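A.B. asks: the sequence and its predicted three-dimensional model are supplied below.
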Amino acid sequence: MSEHPDLIDEQRAIDHAYDCLERTRAAVAAMRAQYDGGPGGTFQHRYERDVVQEQVDQRLAQLDVGDQSLVFGRIDAEPTEERPEVESFHIGRIAVSDAQREPVVVDWRAPIAESFYRATGRDPMGLRRRRHFATRGRTLLGIDDELFGSAAEALDRGEVQGQGALIAALEESRTGRLSDIVATIQGEQDVVIRSPLAGVLVVQGGPGTGKTVVALHRAAYLLYSHRFPLEGQGVLVVGPNRVFLSYIEQVLPSLGEAGVEIAVLADLVPHVRVVGWDSEATARVKGDLRMIDVVAQAVRDRERPLRETLRVPYGVQHLTMSVSESEAIVQDARRRFRTHNAGRRHVEQLVFERLASTSRTGDGPDVVRERTRDDLLVRTALERMWPILTPTELLNDLFGSPGLLRSACRRWFRRDEWELLARPRLSDASEVVHPHQDVPLLDEALERLGPRPSRRDQDVVRTYGHIVVDEAQDLSPMELRMLDRRSLNGSMTIVGDIAQATGAWAHDDWSSVLAHLPDRRPPQSAELRVGYRVPGPIMDYASRVLALAAPGLAPPVSIRRVGDPPTIVACDPGTFGGSLAGLVRDELESVGAGNVAVVAPRSLVDRAADALTDAGVDFGRATRQGLDRQVTLVPISLVKGLELDAVVVVEPAAILEEEARGAQSLYVALTRSTKRLAVLHARPLPEVLRGPVVSGGDEDALGGEGADAHVPAVDLDGGRPVG
């Protein structure tokens with residue numbers, strides 16, 4: 001951006017905004033001292049002190065912008081007859097007021113800020129000028145103005161706003177963490193962010209369209225515009241794996257929303273350990289909705305009458321309960337209680353009543369309970385009739401017992417299907433480590449079993465006022481059912497790309513996903529069609545694979561047509577290690593302080609690690625360090641959703657062969673880069689990737705002869721997502 005005549009004045013405005021922010025922070029912090037009366041005092045005093053301090057901490061967290069820009073733009077309204085003066089508003093990360101409560105900075109989520117993101121030459125939305133700031137901390141580096149209406153007779157009528165600011169942001173080196181885009185949100189993205197709260201919104205977006213960060217900004221926007229009731233109900237963001245969570249974890253705090261829960265599905269089931277993955281065939285069985293009936297039958301199979309009459313020594317006599325009486329007790333409990341564990345005390349009460357009825361001493365049920373509850377015969381009988389169970393105990397017994405497994409599954413699955421579920425039973429259920437595909441089954445079991453009497457507050461399924469789900473195209477019907485169960489009112493944002501569906505239950509269209517989600521309102525949909533992250537030459541190369549991965553989808557249109565063409569390197573099997581290390585060093589030199597990912601198929605991950613180690617290349621593994629190192633080795637299964645400055649894709653032919661949906665996995669791998677892509681292969685390249693690689697040419701960074709040449713106009717039904 002060139003030197004601007006208003007640079008000094010705008011720097012003063014930014015300095016004033018920071019001064020007002022610091023005064024506000026100091027005033028909020030002072031409230032803590034007013035209510036800090038020490039550890040003593042009445043209960044009411046201590047309660048009020050704790051509430052105030054919690055609110056102070058939350059407010060201070062909201063007012064902490066860290067190193068992020070507080071102010072990133074300004075809008076000037078077009079004068080009208082009713083309002084002849086020009087109204088101006090500075091737009092920023094959070095709202096800031098001066099000592100007289102006059103607004104200094106308008107929160108980006110406020111209704112008045114909508115035009116900052118959506119105004120175009122075709123529809124200026126009442127603006128005369130939109131101004132984007134390029135800042136580093138508190139320092140204003142440059143200004144990028146767009147003029148509308150009477151301020152511009154020959155206005156460029158493009159759809160990309162703040163071109164200079166946007167391109168500068170896209171060209172920044174990656175840090176291993178996803179950054180917010182609050183300063184450069186585009187019109188089609190803003191439509192999604194500000195969509196209504198109610199119902200399910202599906203967002204289809206190809207690589208680099210910003211669907212993940214848009215979904216996170218939507219969560220922040222909804223919390224701002226629907227603070228009550230969402231702050232009390234909670235907002236949940238679900239990601240596909242922990243590498244992804246580590247990658248996105250800073251976005252919402254940077255937007256002033258630190259209270260959103262970010263989780264993988266395994267985090268939503270209490271008291272379980274989850275590591276590793278099942279085979280695709282087993283995953284298909286566990287993700288099938290027929291498992292609902294299997295879990296229900298497994299619970300029912302643990303509610304059993306006795307095999308023989310119970311005879312309990314009681315002084316000089318025996319107390320008895322027949323098999324038929326035990327069966328009547330079990331049937332009565334089944335009728336009365338929706339969840340299994342809730343019926344245990346009722347069963348105990350009926351058992352002791354029955355035993356007491358056979359006592360010749362006339363002792364009542366309470367006396368009999370007191371005298372016999374620790375008797376091994378009584379305890380064994382109760383455990384057979386109605387055991388207290390955790391989800392882990394249920395699955396450990398079910399999958400570890402051929403008899404229980406056959407009984408639970410035979411009505412619903414073929415033998416060759418349910419036998420895939422079998423695994424050794426551990427004597428101590430607390431030592432069980434579940435594969436990820438067990439998670440929805442554990443959740444279904446928790447719903448059927450209910451909380452244990454002693455853990456009533458810990459074994460509950462929490463619901464949320466809004467749920468954001470990323471990479472939803474890979475979720476099984478059972479996993480989607482798990483999310484449906486946690487939706488308090490049917491409000492969800494579902495984000496993904498059908499072309500990147502790679503899981504065992506990958507969906508070919510969104511209708512099969514929506515079939516398992518709340519349907520209280522008709523679902524809405526939106527498609528992000530403009531690619532911001534992936535340069536044109538790389539997107540063009542990856543699009544060759546898209547024809548295999550999703551023939552019905554068009555690739556995103558990249559706004560950055562200029563870029564380095566992909567580097568294709570062939571090597572002999574014996575020189576693989578040296579070729580990989582040399583290629584990584586070349587990419588490091590090209591991206592400077594940027595980061596590099598080596599994406600490898602499962603069969604070559606260890607070999608690639610050995611090659612980098614032998615060559616002395618300092619690298620980390622995504623499974624251990626996330627993306628914290630400059631060079632990261634990423635298995636193909638974990639690369640989805642990430643973005644790196646440079647990506648080295650190892651052996652495309654192996655990716656196509658090894659992955660259940662190889663074309664989709666390869667498409668994902670080829671579209672992770674923001675600057676450079678390299679492909680290393682010892683085997684012949686797949687047919688679809690053969691042929692010359694085309695350079696980005698000398699086109700303008702935003703596409704040839706003006707922005708309209710490569711950026712399509714997006715029509716979402718007058719600014720609203722269409723169903």
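C.D. replies: Thanks, I have it. Numbering: from 1, shown residues only.
A.B. asks: the longest helix along the chain: what's the following helix or strand?
C.D. replies: Assignment by DSSP state H gives helix 7-34 as the longest helix of the chain. On the C-terminal side of helix 7-34, the closest following helix or strand by DSSP states H and E is helix 43-62.
A.B. asks: list the buried residues in that following helix.
C.D. replies: Across helix 43-62, burial judged by 16 or more other C-beta atoms under 10 Å covers 49, 56, 59, 62. For every residue, glycine as well, the C-beta is placed using N, CA and C.
A.B. asks: of those residues, which is the nearest to Pro477?
C.D. replies: Among the buried residues of helix 43-62, Gln62 lies closest to Pro477 (C-beta to C-beta), at 38.6 Å.
A.B. asks: tell me the pLDDT at that closest one?
C.D. replies: Gln62 is assigned a pLDDT of 86 by the prediction.
A.B. asks: ok, Ile568 next?
C.D. replies: 96.
A.B. asks: got the buried residues for stretch 436-454?
C.D. replies: Using 16+ other C-beta under 10 Å as the test for burial, stretch 436-454 gives 436-451.
A.B. asks: typo on my end, it should be stretch 345-355
C.D. replies: Residues of stretch 345-355 classed as buried by neighbour count (16+ other C-beta under 10 Å): 347-348, 350-355.
A.B. asks: which residues sit against it?
C.D. replies: The contact list for stretch 345-355 (C-beta atoms under 8 Å, 6 or more residues apart in numbering) reads 310, 312, 314, 319-321, 325-326, 329-330, 332-333, 336-337, 365-366, 368-369, 372-373, 378, 381-382, 385-386, 453.
A.B. asks: go with 6 Å
C.D. replies: Applying C-beta atoms under 6 Å, 6 or more residues apart in numbering, the contact partners of stretch 345-355 are 319, 321, 325, 329, 333, 365, 368-369, 386.
A.B. asks: just stretch 187-204 next, same as before
C.D. replies: 117-118, 210-211, 214, 217-218, 221-222, 226, 491-495, 510, 517, 521, 523-527, 714, 716, 719, 721.
A.B. asks: write a ChimeraX command that selects only the buried members of these.
C.D. replies: To isolate the buried ones among these in ChimeraX, judged by 16+ other C-beta under 10 Å, type:
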select :117,118,210,211,214,217,218,221,222,226,491,492,493,494,495,510,517,523,524,525,526,527,714,716,721
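A.B. asks: which ones among the contacts of stretch 187-204 map onto strands?
C.D. replies: When DSSP state E defines the strands, the subset of the contacts of stretch 187-204 inside them is 492-495, 524-527.
A.B. asks: adding pLDDT and distance to Gly626, write those out as TSV.
C.D. replies: What follows is the ones in strands among the contacts of stretch 187-204, written out as TSV (pLDDT from 0 to 100; distance: C-beta to C-beta, whole Å):
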residue	pLDDT	distance to Gly626
Met492	98	27
Thr493	98	24
Ile494	97	25
Val495	97	21
Gln524	97	34
Ser525	96	32
Ala526	95	30
Glu527	94	30
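A.B. asks: export those to a markdown table and tack on distance to Phe89?
C.D. replies: Below are the ones in strands among the contacts of stretch 187-204 laid out as a markdown table (distance: C-beta to C-beta, whole Å):
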| residue | distance to Phe89 |
| --- | --- |
| Met492 | 32 |
| Thr493 | 28 |
| Ile494 | 33 |
| Val495 | 30 |
| Gln524 | 29 |
| Ser525 | 32 |
| Ala526 | 27 |
| Glu527 | 31 |
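A.B. asks: what residue lies at the spatial centre of the chain?
C.D. replies: Gly239 (2.6 Å; C-alpha atoms, centre = their mean).
A.B. asks: which residues touch that residue?
C.D. replies: Gly239 neighbours (C-beta under 6 Å, 6+ apart): 245, 264, 470.
A.B. asks: how does it look with 10 Å?
C.D. replies: Contact analysis of Gly239 by C-beta atoms under 10 Å, 6 or more residues apart in numbering lists 212, 245-249, 262-265, 468-471, 640-641.
A.B. asks: quick one, helices of the stretch 151-300 of the chain?
C.D. replies: Assigned by DSSP state H, counting those that start in this stretch, the helices in the stretch 151-300 of the chain fall at 163-171, 187-193, 211-225, 227-233, 242-248, 251-254, 280-286, 291-300.
A.B. asks: what about the strands in the stretch 251-400 of the chain?
C.D. replies: All strands of the stretch 251-400 of the chain, identified by DSSP state E, counting those that start in this stretch, fall at 261-263, 310-314, 317-321.
A.B. asks: present these as TSV; the columns should include distance to Asp288.
C.D. replies: Formatted as TSV, the strands of the stretch 251-400 of the chain follow (distance: least, C-beta to C-beta, whole Å):
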stretch	distance to Asp288
strand 261-263	24
strand 310-314	39
strand 317-321	40
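A.B. asks: quick one: which of those strands is nearest Met478?
C.D. replies: It's strand 261-263; of these, that one is closest to Met478 (C-beta to C-beta) at 17.1 Å.
A.B. asks: quick one: the closest one to chain centroid distance?
C.D. replies: Mean-position distance between strand 261-263 and its chain equals 7 Å (C-alpha atoms, centre = their mean, to the nearest Å).
A.B. asks: that one pairs with which strands?
C.D. replies: Strand 261-263 sits in its sheet next to strand 235-238 (parallel), going by DSSP bridges.
A.B. asks: average pLDDT for the strand it pairs with?
C.D. replies: pLDDT averaged over strand 235-238 gives 97.
A.B. asks: report the distance from that strand to the chain centre.
C.D. replies: Computed by C-alpha atoms, centre = their mean, the chain-centroid distance of strand 235-238 equals 7 Å.
A.B. asks: low pLDDT regions in this protein?
C.D. replies: Along the chain, segments meeting pLDDT under 70 span 1-2, 35-41, 149-175, 455-458, 694-723.
A.B. asks: now the farthest one out in it, which residue is it?
C.D. replies: Val316 (64.8 Å).
A.B. asks: got the phi and psi for it?
C.D. replies: phi -90, psi 10 (degrees, to the nearest 10).
A.B. asks: do I have it right that it meets Ser359?
C.D. replies: No: Val316 lies out of contact with Ser359 (C-beta atoms under 10 Å); the separation is 11.3 Å.
A.B. asks: run me through the strand neighbours of whichever strand or helix holds Arg130, direction for each.
C.D. replies: Using DSSP H and E, Arg130 sits within strand 127-136. With DSSP bridges as the test, strand 127-136 is paired with strand 71-77 (antiparallel), strand 139-147 (antiparallel).
A.B. asks: Ile292 touches Ala408, doesn't it?
C.D. replies: No: here Ile292 does not reach Ala408: they are 11.5 Å apart, not a contact under C-beta under 10 Å.
A.B. asks: the two: who's more crowded?
C.D. replies: Taking other C-beta atoms under 10 Å, Ile292 and Ala408 do not tie; Ala408 has more neighbours (25 against 18).
A.B. asks: so what's that one up against?
C.D. replies: Contacts of Ala408 by C-beta under 10 Å, 6+ apart are 291, 293-301, 398-399, 401, 418, 421.
A.B. asks: sec struct for it, please.
C.D. replies: helix (DSSP: H, G, I helix; E, B strand; the rest coil).
A.B. asks: could you do the one 3 residues further on as well?
C.D. replies: Assigned with three-state DSSP, Arg411 falls in the coil class.
A.B. asks: what's the burial count for it?
C.D. replies: Neighbours of Arg411 (other C-beta under 10 Å): 10.
A.B. asks: any idea how far His516 is from it?
C.D. replies: For Arg411, the distance to His516 (C-beta to C-beta, to the nearest Å) stands at 22 Å.
A.B. asks: for Arg302, same thing?
C.D. replies: Taking C-beta to C-beta, one finds Arg302 at 27 Å from His516.
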